[in-house]
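Trainee: A predicted structure for the sequence below; I have some questions about it.
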Amino acid sequence: MRECPIELSRGAITILRIKTPVTLFGTSMRQKTIENEVHCSGIGLHSGKEVSMSLHPAEADTGIIFRRLDVPDNRSKIPALFDQVIDTRLCTTLANDRGTSVATIEHLMAALAGCQIDNVIVAIDGCEVPIMDGSAGPFVSLIECAGIVELDSPRNIIQILHEVSVNEGNGRAFLSPTSHQRSSLDINLNIDFDNAAIGYQTLLMSLSSWNFKQDICHARTFGFLEDVEALRQAGLAQGGSLDNAIVISENGILNEDGLRYDDEFVRHKALDCIGDLYLAGNQIAGCFSGYRTGHGIHNKLLRRLFADREAWRLVPVDELTEIRAPHWIVESQRAIA
């Protein structure tokens, strides 16, 4: 097994040993997996417990499977699919029909989506994916360290045929067709917080491996200092710290090094969205629009999509138009009242 230790120091991510660097461009026409088994460890954001996790290559059409090493084998496997989601409070939690669960999977799922990994076994010895530095960056580095290989099977994609939507409280989300037969997921995401450090932020992007790695994967999760005590009394955020989250007080951001991007908050919300939507089981080709969305709305949107058989179709990627790297853009606006 290839060891890829990751050093985390106040937001800095250093890969100590990489033998197989990978440049992430283009939409693959064939399914992908990782080349080598690779390992990492860390603490769970909510459990606060140390956890070890390894990624293993998988055959075509396996999909993404979590495998709990600390439970009997006959109830250890959990498919990474939208209909396995059992909880969306503060994170996305999956469970199988035998009650075995794994939580906080969204950052790893975003990294797998961003790297276009279709098939992998995620072996983990606890109930929660390690939070690492609060972003998907360490997981992208882990995948690069493992290496990426194409398999001899075509890659399918979920093409959106007509709009589906979810409205919940002040939040709303839509999936709609692209104006051209494109293979990308276009994202139009808006967040709105009554806090001067965040305010109203908008992000527009056409997702690719390249701009996910450059513009999205290093954006960290965030929370408010005033909520920390209540969360910990509820058994949550036991592993949270300034090393794995942006913490905001009424006086501003508490992290000494500040933000990685001026609009890191909306970029992280996009990261969460990408991870949650990859629970569709395939990459989505369409337009996602969201206002004040979260894990719950993302999952309800997928359930609504797949409940309407006329709203989507599964097609080989090569039937759609690939968006080349020079046309991939990320635009963002930040406005504070």
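Mentor: Here it is on my side, so go on.
Trainee: out of the helices and strands in this protein, which is least certain?
Mentor: strand 12-15 (a mean of 29; mean pLDDT, DSSP states H and E).
Trainee: chain center to the next helix-or-strand element following it, what's the gap?
Mentor: The first helix or strand that comes after strand 12-15 along the chain, using DSSP states H and E, is strand 30-34. Centroid separation for strand 30-34 versus its chain: 18 Å, with C-alpha atoms, centre = their mean, to the nearest Å.
Trainee: which strands and helices sit next to strand 30-34?
Mentor: Counting contacts by 3 or more C-beta pairs under 8 Å, 6 or more residues apart in numbering; DSSP states H and E, strand 30-34 is packed against strand 50-57, strand 148-154. C-beta: built from backbone N, CA, C; applies to glycine.
Trainee: of these, which is nearest residue 84?
Mentor: Proximity to residue 84 (C-beta to C-beta) singles out strand 50-57 among the helices and strands packed on strand 30-34, at 18.1 Å.
Trainee: and the helices in the stretch 51-200 of the chain, which stretches?
Mentor: Assigned by DSSP state H, counting those that start in this stretch, the helices in the stretch 51-200 of the chain fall at 106-114, 137-146.
Trainee: any stretches of the protein with poor pLDDT?
Mentor: In the prediction, the chain carries residues with pLDDT under 70 at positions 1-27, 322-337.
Trainee: one step back: can you put the helices of the stretch 51-200 of the chain in TSV and add distance to residue 272 and mean neighbour count?
Mentor: Shown next, in TSV, are the helices of the stretch 51-200 of the chain (distance: least, C-beta to C-beta, whole Å; neighbours: other C-beta atoms under 10 Å):
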stretch	distance to residue 272	mean neighbour count
helix 106-114	5	28
helix 137-146	13	25
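Trainee: may I see those helices arranged in JSON lines, with distance to residue 311 as well?
Mentor: Putting these into JSON lines (distance: least, C-beta to C-beta, whole Å) gives the following:
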{"stretch": "helix 106-114", "distance to residue 311": "20"}
{"stretch": "helix 137-146", "distance to residue 311": "30"}
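Trainee: can you say which of these is nearest to residue 312?
Mentor: Among those, helix 106-114 sits nearest to residue 312 (C-beta to C-beta), with 17.1 Å.
Trainee: other SSEs contacting that closest one?
Mentor: Helix 106-114 packs on helix 137-146, helix 264-277, going by 3+ C-beta pairs under 8 Å, 6+ apart.
Trainee: and the direction of that helix versus that of helix 137-146, what angle?
Mentor: 50 degrees (axes from the mean of the first three to the mean of the last three C-alpha atoms, to 10 degrees).
Trainee: dump helix 106-114 to PDB, keeping only the CA atoms.
Mentor: Extracted C-alpha coordinates of helix 106-114, given in PDB (Å, rounded to 0.1, in the frame of the first residue of the first chain):
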ATOM      1  CA  GLU A 106     -19.400  15.000   1.300                       C
ATOM      2  CA  HIS A 107     -15.800  16.300   1.000                       C
ATOM      3  CA  LEU A 108     -14.400  12.900  -0.100                       C
ATOM      4  CA  MET A 109     -17.300  12.500  -2.500                       C
ATOM      5  CA  ALA A 110     -16.500  16.000  -4.000                       C
ATOM      6  CA  ALA A 111     -12.900  15.000  -4.500                       C
ATOM      7  CA  LEU A 112     -13.900  11.800  -6.200                       C
ATOM      8  CA  ALA A 113     -16.300  13.700  -8.400                       C
ATOM      9  CA  GLY A 114     -13.700  16.400  -9.200                       C
END
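Trainee: and stretch 163-172, end to end?
Mentor: 13 Å (C-alpha to C-alpha, to the nearest Å).
Trainee: same question for stretch 300-315.
Mentor: Separation of the first and last residues of stretch 300-315 by C-alpha to C-alpha is 23 Å.
Trainee: can you give me the buried ones in that stretch?
Mentor: Neighbour counts over stretch 300-315 (16 or more other C-beta atoms under 10 Å) mark 300-302, 305-306, 311-312, 315 as buried.
Trainee: residues in contact with that stretch?
Mentor: With C-beta atoms under 8 Å, 6 or more residues apart in numbering as the test, stretch 300-315 has contacts from 82-83, 156-166, 168, 173-175, 276-277, 279-280, 282.
Trainee: and the buried ones among these, selectable in ChimeraX?
Mentor: This is how ChimeraX selects the buried members of the contacts of stretch 300-315, with burial counted by 16+ other C-beta under 10 Å:
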select :82,156,157,158,159,160,164,166,173,174,175,276,277,279,280,282
